[in-house]
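Visitor: Build me a model:
(one chain, ligands or ions: 1)
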Amino acid sequence: VTVRVGVIGTGVMGADHVRTLVSSVARAQLVAVCDADGDRARVVAANAPGCRVETDPEGLIGAPDVDAVLVASPDDSHAGFVVLCLQHGKPVLCEKPLAITSDECLRIIEAEASGARRLIQLGFMRRYDPGYLAIKDELLAGAIGLPLMLHCVHRNAHSTAGYTDDMILTNSTVHEIDITRWLLSEEIASVSVHSPRPSSLVPPGFADPQFTLLRSQSGVLAGIETFVNASYGYDIRCEVVAERGTVSLRPTEAVSIRSDRRDAVSVPSDWRVRFAEAYRLELQDWVDGAAADAARGPSAWDGYAASVVAEAGLASRDSRQEVQVALADRPGIYGPVAN
Ligand SMILES: NC(=O)c1ccc[n+]([C@@H]2O[C@H](COP(=O)([O-])OP(=O)(O)OC[C@H]3O[C@@H](n4cnc5c(N)ncnc54)[C@H](O)[C@@H]3O)[C@@H](O)[C@H]2O)c1
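Guide: A predicted model of the protein is given here:
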């Protein structure tokens, strides 16, 4: 079965997904792209044989030859497009976050859960990264005992145009929230957010870097540093401290370079380099799920749960208090909590 894909949003992430879909994903055929900036869509379509430009996202979602939709437009546009996909009964891969507010996320999971099957996969691609998968396997194997603490680091070289202070939590830390939930196979119970003195290199008004402390329902602590203007590159770290040992991501570079009395490995410039394999595996799983009429991978529930924690983080940042996380009941369509 070939899955005919339409992509909404052909900016940095959308264009990268298109490259991966066209070059490296089996059983996928890119048939349409759409972007508020028509020139961007035309450039992307010109490099993908058989792909046309749709001027209107709703037209793309409703097009009879589009079997499945990838949403890679800005965060505040996701909810509307995802609801349209549900109304048309089309599988959708939605970039994170699912929506800006937890209320919008809740409306989406209620809409999806009123149907017979999942249609939404969330773009939490780290769950496909071989390093994070190996950490999860090690924890499930149990040889190092129960996890007690996580140390997570999320650094970008520079925040991009349009990036706001709130997005440190809702757009960036949200990845760490999801990976913590997934590695621990449980929900987050409370969150507190802390900031050091301001850096002279960070735009005024940005609480960057930021330290988020999550406490899981069973009492595991996760300390997350998010620093979106770290200057030197894209750097993602994770170490899980368990009763009898630790398990950590290693730097992914295959070689180190010795020169000028230094021994160095390079640091990726951004997420497209660091998580290229994860994006490929994510897209392949999505296409395979669409072909089998059964969405898999990170769900709308995962998008909801992560956004609830991020929103509680905003409240903690502003109140300087630890904030409890309150989740709705998990609809049966999303299966058991431990995933
Ligand atoms: N999973 C990841 O690791 C990851 C990494 C980066 C970005 N993202 C997510 O991908 C999404 C896009 O991010 P980006 O960095 O590519 O941003 P971007 O600004 O480079 O691209 C967004 C594109 O969407 C277009 N657009 C804006 N409004 C639109 C609308 N209503 N309909 C159609 N197109 C519209 C813009 O013209 C632009 O080309 C964001 O939600 C972001 O959170 C995810």
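
Visitor: Which single residue of the stretch 201-339 of the chain ends up nearest the ligand?
Guide: residue 271 (4.6 Å; C-beta to the nearest ligand atom). Where C-beta positions appear, they are placed from N, C-alpha and C, glycine not excepted.

Visitor: Could you find the closest non-adjacent residue to that residue?
Guide: Spatial nearest neighbour of residue 271, excluding adjacent residues (C-beta to C-beta, 6 or more residues apart in numbering): residue 234 at 6.0 Å.

Visitor: count of residues packed around the one you found?
Guide: For residue 234, the number of neighbouring residues by other C-beta atoms under 10 Å comes to 18.

Visitor: do residue 311 as well
Guide: 21.

Visitor: got it, and residue 59?
Guide: Neighbour count for residue 59, taken as other C-beta under 10 Å: 13.

Visitor: Please, where are all the helices along this structure?
Guide: 12-24, 38-46, 57-62, 78-87, 102-113, 130-141, 167, 174-184, 271-274, 276-291, 300-319 (DSSP state H).

Visitor: Now render those as JSON lines, adding mean pLDDT.
Guide: Output for these, formatted as JSON lines (pLDDT from 0 to 100):
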{"stretch": "helix 12-24", "mean pLDDT": "98"}
{"stretch": "helix 38-46", "mean pLDDT": "97"}
{"stretch": "helix 57-62", "mean pLDDT": "98"}
{"stretch": "helix 78-87", "mean pLDDT": "98"}
{"stretch": "helix 102-113", "mean pLDDT": "97"}
{"stretch": "helix 130-141", "mean pLDDT": "98"}
{"stretch": "helix 167", "mean pLDDT": "97"}
{"stretch": "helix 174-184", "mean pLDDT": "98"}
{"stretch": "helix 271-274", "mean pLDDT": "95"}
{"stretch": "helix 276-291", "mean pLDDT": "98"}
{"stretch": "helix 300-319", "mean pLDDT": "98"}
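
Visitor: Select, out of these, the one closest to residue 198.
Guide: Relative to residue 198, the nearest member of those by C-beta to C-beta is helix 300-319, separated by 13.9 Å.

Visitor: now the angle between helix 102-113 and the closest one, please.
Guide: Helix 300-319 and helix 102-113 are oriented at 170 degrees to each other (axes from the mean of the first three to the mean of the last three C-alpha atoms, to 10 degrees).

Visitor: Tabulate the CA atom coordinates of helix 300-319 in PDB.
Guide: Extracted as PDB, the C-alpha positions of helix 300-319 are listed here (Å, rounded to 0.1, in the frame of the first residue of the first chain):
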ATOM      1  CA  ALA A 300      -2.600  12.800  21.400                       C
ATOM      2  CA  TRP A 301      -2.700  11.700  25.100                       C
ATOM      3  CA  ASP A 302       1.000  12.100  25.300                       C
ATOM      4  CA  GLY A 303       0.700  15.500  23.700                       C
ATOM      5  CA  TYR A 304      -2.000  16.500  26.200                       C
ATOM      6  CA  ALA A 305      -0.100  15.200  29.300                       C
ATOM      7  CA  ALA A 306       3.100  17.000  28.300                       C
ATOM      8  CA  SER A 307       1.300  20.200  27.600                       C
ATOM      9  CA  VAL A 308      -0.500  20.000  31.000                       C
ATOM     10  CA  VAL A 309       2.900  19.700  32.700                       C
ATOM     11  CA  ALA A 310       4.300  22.600  30.600                       C
ATOM     12  CA  GLU A 311       1.400  24.800  31.500                       C
ATOM     13  CA  ALA A 312       1.800  23.900  35.200                       C
ATOM     14  CA  GLY A 313       5.500  24.900  34.700                       C
ATOM     15  CA  LEU A 314       4.400  28.400  33.500                       C
ATOM     16  CA  ALA A 315       2.300  28.700  36.600                       C
ATOM     17  CA  SER A 316       5.300  27.700  38.800                       C
ATOM     18  CA  ARG A 317       7.600  30.100  36.900                       C
ATOM     19  CA  ASP A 318       5.200  33.000  37.600                       C
ATOM     20  CA  SER A 319       4.200  32.000  41.200                       C
END
